[in-house]
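Visitor: Test case, fold it:
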Amino acid sequence: MQSRNFRSIRRLARIPRFIRRTTVLAAALLIAALPVLSTPAAAAASFPVFVNERGANRPTLEQYGSTRSTVVYDVFAFTCDTAGCYSNGGALPSEATYVAKVKEYMGAGQFGGAATAPVVLDFESIELTQVPTGQAATNAYNLWRQLLTWTHTAAPQAPVCHYGYDWLTQNQNLIKQLHTDNLLNCFAPRAYFYDGQTLTSWDSNLDQSVARDRAMAPSHPIYPYVNPTSFQSESYVPGNTWAHMFAKVQAVADGVVIWEPSAGNANACSWISQHSYEMGVITSTSSSGPLKATAAPPSGNCTVTRGTTTTVPVTITNTSSSTTAATQMQSFADTPGFSGSWQYWNVPSLAPGASWSTSLPMAIASTQPAGTALLHIRTGLSDTRWVLIVH
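Guide: A predicted model of the protein is given here:
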């Protein structure tokens, strides 16, 4: 992992390839008309979804119901050999220096992780499955004990995990002891998707990791690390792949961490739309009611541009088996950064399968942050989730 630009490419060669379920919402990202930057974060998630996000123009997945959490990268460049352990080839940091760095990563200037969300240590060079057995592993184990103790000092309310290759079993007895002593409180196995990989192989790899971890510390939660891009191409995974990954982690793990996601262009429409759907289910805030809204900006996909006004056609369809009563489109005047008024407000009674159309001249403030926006198209009878990527 290490950082978004590095992605641990040096380790890709030794990582086996590794995702089930049907697509919901596709690239066109239907669903529109503006509404209320959704607040599913207020709803309790039935399955914890953590996100490591930082910097400007991030997708802000917490608006979908995720909890921000922290990953600590190996800025100390820890290494261990048979003679000892080192930081950047020299002396190890002091407790004060290390604790300050962990707190920095937890802070608003970095990942802004919640105090009770997992703190994951990404120290891959000393991850015990990567260290030779024998004295080097013993030295690394002793260093881990010290670093984990200091991490709990820096983050006393947080469970602490280390990011790792949990399908591997080298030095497993040492890793198990760190869990037995509760220095490690959770698992964070790598579970990224790779170019050319099959869903079956991804499932198999995750199953191996979970089996090892359950046997090692049955009471410690497992939070696999996933990302919406495929390694090494960094192309966005299709929505059905993201659906499969979510279904699988919910079936076998205790939560999931989405590592440094992005939504930089229209190619991300499929995964972010699917993500909205998945989080709606998890937080019990799915689209609801007999009327379904479909819409697409003039871009032909889910992207819009800050500082512009664009007219979005919206179609309301009765998806139920009964005729719906006449109703009205609902105002979205409270949506930060978006404004506009429906061309037609009064939705007539609709027979099953029948549709009605209106449009929304939608203004997007120039101050609206780039990233994604979760909105809702509401009538008096329904609520449809809609996702935009804002440029």
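
Visitor: In stretch 224-231, which residues are buried?
Guide: Pro224, Tyr225, Val226, Asn227, Pro228, Thr229, Ser230, Phe231 (16 or more other Cβ atoms under 10 Å). (Each C-beta comes from the backbone N, C-alpha and C, glycine too.)

Visitor: From Ile258, how far off is the nearest residue to the fifth one once chain neighbours are set aside?
Guide: Beyond its immediate neighbours in the sequence, the residue positioned closest to Pro228 (Cβ to Cβ, 6 or more residues apart in numbering) is Trp271, lying 4.4 Å away. The spacing between Trp271 and Ile258, counted by Cβ to Cβ, to the nearest Å, is 10 Å.

Visitor: mind checking pLDDT for the residue nearest to Pro228?
Guide: What the model reports for Trp271 is a pLDDT of 96.

Visitor: so it makes contact with Pro238?
Guide: Yes: Trp271 is within contact range of Pro238, at 7.3 Å (criterion: Cβ atoms under 8 Å).

Visitor: Could I get the buried residue list for stretch 48-56?
Guide: Pro48, Val49, Phe50, Val51, Asn52, Glu53, Arg54.

Visitor: Restricted to strands, list those residues.
Guide: Among the buried residues of stretch 48-56, DSSP state E puts Val49, Phe50, Val51, Asn52 in strands.

Visitor: before we move on, back to that, hey, what's in contact with both of Trp271 and Ile258?
Guide: By Cβ atoms under 8 Å, 6 or more residues apart in numbering, Trp271 and Ile258 have these common neighbours: Pro228.

Visitor: higher neighbour count, the two?
Guide: For Trp271 versus Ile258, neighbours defined as other Cβ atoms under 10 Å are more numerous around Trp271 (24 against 20).

Visitor: got the contact list for the more buried one?
Guide: Pro228, Tyr236, Val237, Pro238, Gly239, Thr241, Trp242, Ala263.

Visitor: mean confidence for the helix or strand containing Thr310?
Guide: Using DSSP states H and E, Thr310 maps to strand 308-318. If you average the pLDDT over strand 308-318, you get 96.

Visitor: Kindly report the same for stretch 328-342.
Guide: Mean predicted lDDT for stretch 328-342 stands at 84.

Visitor: what do you get for stretch 378-391?
Guide: Per-residue pLDDT values over stretch 378-391 give a mean of 95.

Visitor: Check which residues of it are buried.
Guide: Neighbour-count burial for stretch 378-391 flags 378-379, 381-391 (criterion: 16+ other Cβ under 10 Å).

Visitor: before we move on, back to that, nearest to Trp356 among the ones in strands among the buried residues of stretch 48-56?
Guide: Val49 (35.3 Å; Cβ to Cβ).

Visitor: From the contact counts, what lies against the strand holding Thr310?
Guide: On a contact count with 3 or more Cβ pairs under 8 Å, 6 or more residues apart in numbering; DSSP states H and E, strand 308-318 meets strand 291-295, strand 355-364.

Visitor: Indicate which one of those strands is closest to Gly84.
Guide: By Cβ to Cβ (comparing all of the helices and strands packed on strand 308-318), the closest turns out to be strand 355-364, at 56.6 Å.
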